[in-house]
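A.B. asks: Got a predicted structure here, sequence first:
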Amino acid sequence: MADPVSVSSDPSQQSPQLQQAAGAASDVTRSLPHALGPEKSLLSSMLQEPQEYIAVAVEEKLTKDHFYLPAHSTLFGFLLELFADGKEVELVSLVQRLLDRGLLDRVGGPSALSDLYTYAPSPGHFRHHLQLVKDKYVLRAIIQNSTEAINQAYDAPDEVATLLDTVEQKMLAIREGRENANTFDLKSTVAEAQKQFQEMLSGQKKTQGITTGFEVLDRMSGGMKPGEMFVVAARPSMGKTSFMMNIVEHVCMDLNKPTMVFSCEMTALQLVQRLLYARSRFSVSKLSKGYTPGKLELQKVPAVALEIARSKLVIDDTPGISINELRAKARRKKRDEGIEFIAIDYLQLLKSRTKQAENSREREIAEISGGIKNLAKELGVPVLILAQLNRGPETRTGGSLGVPRMSDLRESGSIEQDADLVGLLYRAAYYAKDNEEREETEGKAELVLAKNRNGETGNIPLTFIADLMRFETGAPAAEGSGG
């Protein structure tokens, strides 16, 4: 734990709030919260009836870190090992095993084990005592993290936003039990991998993650998996925001999953309008040309509006949002509303306000890209983020004109490294030399899956319906048009 904080300035010159904070800091020198009686009660129950009570402790995600006394922590960790290996837990063999491992003295010796065996707590109090032990652990964690934050705040760090982000992350981790959830268990992880393999063989599970609604993309990627960062990049006017919103529509409305969208460029109203017209397949652009919608078309828009209002969609349109602020908002929504998917429009409009980022655009993009990837892993959700390509596609000639490459990503090094999937969106009609070529290519679009950390890469044909700002799987029909 960090050293206690001391306030050297004259208390009479401090505000009442600062004097109170200084007094709270000095209280850190007191004994940390603990509950030795309940700890002893838990271990006694587990020694007397291991199959029952060690199993309950495992179900309740109790770890050796929850125990205040090192001897209790060591003994509980050893009991977990024996339980996981299916070995019998009884006094004589337990003493011998601890002795063989050089742990007998660390748990207090044979007398301490005998004392625990004869402690005889009431079985009905086990869960109550377990919660007491957990509560004291939480209090100790709060004190430790708060003390570290106080020390760092008094040191007047240059990166105040970064410190605030770190403090919030640690406090939320305590609330959500993240430290325990992130503990790696090889046996259970291997078992889960085998289970998914068997499901795919039997056809029960075609994708491992959240589907995008684009069949070929889902087949090639296996879906958007928890912890993955999916970058969709394109030149301006290629329709990347429409592509993102088509996926958002599928996830939040067809799959009914809580979804959060961060829009740095368009307002929440503009995004909802796109979603409304694309899903109801209503062409607003035709109204300006004198088109009169039919009765069924007019009825569908309100119906879809009601459907959107009932969905679990959250839109944050804060302009110039920083990566730290974005992460803080996403954490809260994950905690409060169980967000399962995040979409961001777009990477180059995010900000990083560290001093290193002020001096280097490449460094800023690296911090933003790394921050998004860390957010995906921290929250255990897939994150789709749009990105802008440089002018590389326009500089090419012949049949390669306009065709994007992964190297066209602006400040591409860090983005390529952090991304699990990279899709490059391209519409040939945008680069047509004349009207004839434009008519031939109208509606044709392609997503080049240039990087796929866990699967195949390749070109995915799409149809872009301009009037609806909507992409669909597959190339346009031979006689079709973009509208």
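C.D. replies: Good, I have the coordinates.
A.B. asks: Could you check how many residues crowd around residue 92?
C.D. replies: The burial metric for residue 92, expressed as a neighbour count using other C-beta atoms under 10 Å, is 8. Heads up, the C-betas are built off the backbone N, CA and C, glycines and all.
A.B. asks: Secondary structure element holding it?
C.D. replies: Counting by DSSP states H and E, the element that carries residue 92 is helix 91-100.
A.B. asks: Let me see the confidence value for the residue lying farthest from the centre of the chain.
C.D. replies: Relative to the C-alpha centroid of the chain, counting by C-alpha atoms, centre = their mean, residue 111 is the outermost residue, at 47.7 Å. The per-residue pLDDT reported for residue 111 equals 86.
A.B. asks: swap in the one 3 residues further on?
C.D. replies: The score at residue 114 is 86. That number is its pLDDT.
A.B. asks: what's near enough to touch the closest residue to it other than its chain neighbours?
C.D. replies: The spatial neighbour of residue 114 that comes closest, neighbours along the chain excluded (C-beta to C-beta, 6 or more residues apart in numbering), is residue 91 at 7.3 Å. Listed by C-beta atoms under 8 Å, 6 or more residues apart in numbering, the contact set of residue 91 reads 47, 113, 114, 117.
A.B. asks: what's the answer for residue 418, then?
C.D. replies: Residue 418 makes contacts with 229, 369, 370, 372, 373, as judged by C-beta under 8 Å, 6+ apart.
A.B. asks: List the ones among those that fall in helices.
C.D. replies: Among these, the residues falling in helices (DSSP state H) are 369, 370, 372, 373.
A.B. asks: In JSON lines: those, plus pLDDT, neighbour count and distance to residue 95.
C.D. replies: Shown next, in JSON lines, are those (pLDDT from 0 to 100; neighbours: other C-beta atoms under 10 Å; distance: C-beta to C-beta, whole Å):
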{"residue": "369", "pLDDT": "89", "neighbour count": "28", "distance to residue 95": "54"}
{"residue": "370", "pLDDT": "89", "neighbour count": "17", "distance to residue 95": "49"}
{"residue": "372", "pLDDT": "92", "neighbour count": "25", "distance to residue 95": "52"}
{"residue": "373", "pLDDT": "92", "neighbour count": "21", "distance to residue 95": "48"}
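A.B. asks: Among these, which one sits closest to residue 239?
C.D. replies: Sorting the ones in helices among the contacts of residue 418 by distance to residue 239 puts residue 372 at the head of the list, at 21.7 Å, by C-beta to C-beta.
A.B. asks: List the buried residues in the longest helix seen in the chain.
C.D. replies: Counting residues, the longest helix in the chain under DSSP H turns out to be helix 126-154. Buried positions in helix 126-154, judged by neighbour count with 16 or more other C-beta atoms under 10 Å: 126, 129-130, 132-134, 136-137, 140-141, 143-150.
A.B. asks: was I right about residue 301 contacting residue 280?
C.D. replies: Yes. Using C-beta atoms under 8 Å, residue 301 makes contact with residue 280 at a distance of 4.9 Å.
A.B. asks: Between the two, which is the more surrounded one?
C.D. replies: Summary of the neighbour comparison: residue 301 and residue 280, criterion other C-beta under 10 Å, with residue 280 having more neighbours (20 against 17).
A.B. asks: per-domain residue ranges of this protein.
C.D. replies: Under automatic domain parsing, the residue ranges defining each domain of the chain are 31-205, 208-473.
A.B. asks: any idea which of the ones you listed is most buried?
C.D. replies: Of all the domains of the chain, domain 208-473 carries the top mean neighbour count, a mean of 18, counting by mean count of other C-beta atoms under 10 Å.
A.B. asks: about what we covered before: quick check, nearest of the ones in helices among the contacts of residue 418 to residue 453?
C.D. replies: Using C-beta to C-beta, these come closest to residue 453 at residue 373, 11.5 Å.
A.B. asks: residues in contact with the closest one?
C.D. replies: So, once contact is read as C-beta under 8 Å, 6+ apart, residue 373 ends up touching 229, 383, 418, 419.
A.B. asks: What sits closest to the third one if chain neighbours are left out?
C.D. replies: Translated: residue 418. Among residues not flanking residue 418 along the chain, residue 373 sits closest, at 4.2 Å (C-beta to C-beta, 6+ apart).
A.B. asks: right, and the helix or strand after the longest helix of the chain?
C.D. replies: Taking DSSP H and E as the definition, the helix or strand that follows helix 126-154 towards the C-terminus is helix 160-176.
A.B. asks: Need the mean per-residue confidence for that following helix.
C.D. replies: Taken as a whole, helix 160-176 carries a mean pLDDT of 75.
A.B. asks: Any idea how far it is from the middle of the chain?
C.D. replies: 15 Å (C-alpha atoms, centre = their mean, to the nearest Å).
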